[in-house]
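> Need the 3D shape of this:
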Amino acid sequence: MLLDQKLSLGSLMRVFWRQITVTWVLTLLETAMLAVLPLLIGRSIDGLLAGELTPFYWLLGAMGALLVLAIVRRVYDTRAYGTMRVKFGEATVQKAKGESVSAVNARLDMSRELVDFLEQEAPIVMAASIQVVVSIAVLYSFHGIFAATAGGATIAILLIYAVSSGRFFNLNRLLNQQVEQQVTVLEAGERRPIAAHLSALRRCEVRISDTEAAVYGLMIAVLLAMLSFNLWYAAAQSGASPGQIFSIVTYSYELLESAVALPAALQSLTRISEITARINGPVERAR
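Numbering: from 1, shown residues only. You can find the predicted model right below:
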C-alpha cells in the first residue's frame, strides 16, 4: 500500500492508523497522569502538614496507574513501530530503484527517521503541548500573573523557532546531500575524496550545532526569566502556602522543560520534511 502513494508521515499514518492510534492514546493517558502529579504532590504536602492522608492516597494511586501505563506503552511501541520500519524501508528501497547504492543506502537510513519521529518526537510534541496547557491552566488557578508570564514565554520561544526553521531546513538539506554520496566515495577508496567528504560532513554538522546552540540559548534565557519571576512572586507577593508554592514552581519548571522540548521536536519535523522530499525525488549531487 505504501508504494502506491508518496512516502511521508501522512502515508505512514494512513496505512498504520490502528497501531498509531493505540500508541497515541496510551501516550496521552500517560502524559495526563504526569501532568497532574505536581498538583497532587502539592496537595499531599498541605494535607500531610494538616494530618490529612486522603490527598496522599490519591497521589499513590496516580503513581501506580502511571507505572502500569508507562510499561504497557513501551512494550507495545517497540513492536508496532518495528513493523512500520520494515514496511517503510522496503517501500523506500523500491522507490529508489535505479539510483546508486550510495543513495539508496542513505535514503534507507533516512526513511527510518520518519518512523522514529512518530515513535519518539510525536509523543514529545503531544506531551509538551498538554503539559504547557495544563501548566498555564494550573498557574492561572493560583494567580493570573503566573499564567500571563508562562504564556508569554511560550509564545516567545515559538517565535524564536519560527524564525530559525528555514535555516534548519537548508542546513539539513546540505547534510543529507553529502550523506547520499558516502558509499560512492568509500567505494572509490581514494584518501583525498574520503577526507573531503568527512570534512564536508563535519562542516554541515557544526553549522547545525551552532544554530541549535544559539536558538537553545535564547529559549532558555526567556524561560529562566519566567521561572525566576514566578518563584519570586509566589514566595514574596502571593501569600501562598508551602504546598501551593511547590506547585507553582514545579508547574513553571515543567512548562520550561516542555516549552524547550516542543521546538526541539518541531525542528525534527523540519528535518523530516526535507527527508520526505528527498526520498520521493531524484538524487541531488552535493556541491
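> Just the mean pLDDT for the helix or strand harbouring Arg192, thanks.
Assigned by DSSP states H and E, Arg192 belongs to helix 191-236. Taken as a whole, helix 191-236 has a mean pLDDT of 86.
> C-terminal to that helix, what's the next element?
helix 242-279.
> on contacts alone, who are the packing partners of that next one?
Counting contacts by 3 or more C-beta pairs under 8 Å, 6 or more residues apart in numbering; DSSP states H and E, helix 242-279 packs against helix 17-49, helix 101-116, helix 122-142, helix 144-179, helix 191-236. Using the backbone N, CA and C atoms, a C-beta is placed for each residue, glycine as well.
> ok now the first one, how far from the chain's centre?
Right, the one you point to is helix 17-49. 18 Å (C-alpha atoms, centre = their mean, to the nearest Å).
> and it, what's its mean pLDDT?
85.
> What residues sit buried inside it?
For helix 17-49, the neighbour count (16 or more other C-beta atoms under 10 Å) marks 19-20, 23-24, 26-27, 29-35, 38-47 as buried.
> and what of the shortest one?
By neighbour count, with 16+ other C-beta under 10 Å as the criterion, the buried positions of helix 101-116 are 102-108, 110-116.
> ok, now the fourth one?
Under the neighbour-count criterion of 16+ other C-beta under 10 Å, helix 144-179 has 145-147, 149-151, 153-154, 156-158, 160-161, 164-165, 168, 171-179 buried.
> Which strands or helices does that helix pack on?
helix 101-116, helix 122-142, helix 191-236, helix 242-279.
> tell me how far it is from the chain's mean position?
Using C-alpha atoms, centre = their mean, the offset of helix 144-179 from its chain centre is 12 Å.
> could you check the angle helix 191-236 makes with it?
Per axes from the mean of the first three to the mean of the last three C-alpha atoms, to 10 degrees, the angle that helix 144-179 makes with helix 191-236 is 180 degrees.
> What of the first one?
Orientation of helix 17-49 against helix 191-236 (the same axes, to 10 degrees) gives an angle of 40 degrees.
> got it, and the third one?
Orientation check (the same axes, to 10 degrees): helix 122-142 against helix 191-236 gives 20 degrees.
> what about the residue lying farthest from the centre of the chain, which SS state?
Here the chain reaches farthest from its C-alpha mean at Gly51, the gap being 40.9 Å by C-alpha atoms, centre = their mean. Three-state call for Gly51 (DSSP: H, G, I helix; E, B strand; the rest coil): coil.
> Remind me which helix or strand the residue lying closest to Val36 once chain neighbours are set aside belongs to.
Nearest residue to Val36, sequence neighbours excluded (C-beta to C-beta, 6 or more residues apart in numbering): Ala62, at 6.6 Å. Per DSSP H and E, Ala62 falls inside helix 54-95.
> One more: Glu99?
Going by DSSP H and E, Glu99 is not in any helix or strand.
> Give me the distance between it and Val183.
11 Å (C-beta to C-beta, to the nearest Å).
> likewise Phe168?
Taking C-beta to C-beta, one finds Phe168 at 26 Å from Val183.
> Repeat that for Tyr57.
60 Å.
> of those two, who's got more company?
Set Tyr57 next to Val183 and count neighbours by other C-beta atoms under 10 Å: Val183 wins out with 16 against 11.
> any idea how far that one lies from Val75?
To Val75, Val183 is 36 Å away according to C-beta to C-beta.
> cool, Arg43 as well?
32 Å.
> Check Leu39 too.
28 Å.
> And stretch 67-75, what's buried?
In stretch 67-75, counting by 16+ other C-beta under 10 Å, buried: 69, 73.
> meant to ask about stretch 132-144
132, 134-136, 138-139, 142-143.
> could you dump the residues you listed to CSV with pLDDT and distance to Asp4?
Converted to CSV, those look like this (pLDDT from 0 to 100; distance: C-beta to C-beta, whole Å):
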residue, pLDDT, distance to Asp4
Val132, 82, 38
Val134, 82, 41
Ser135, 84, 43
Ile136, 86, 43
Val138, 84, 47
Leu139, 85, 48
Phe142, 84, 53
His143, 84, 55
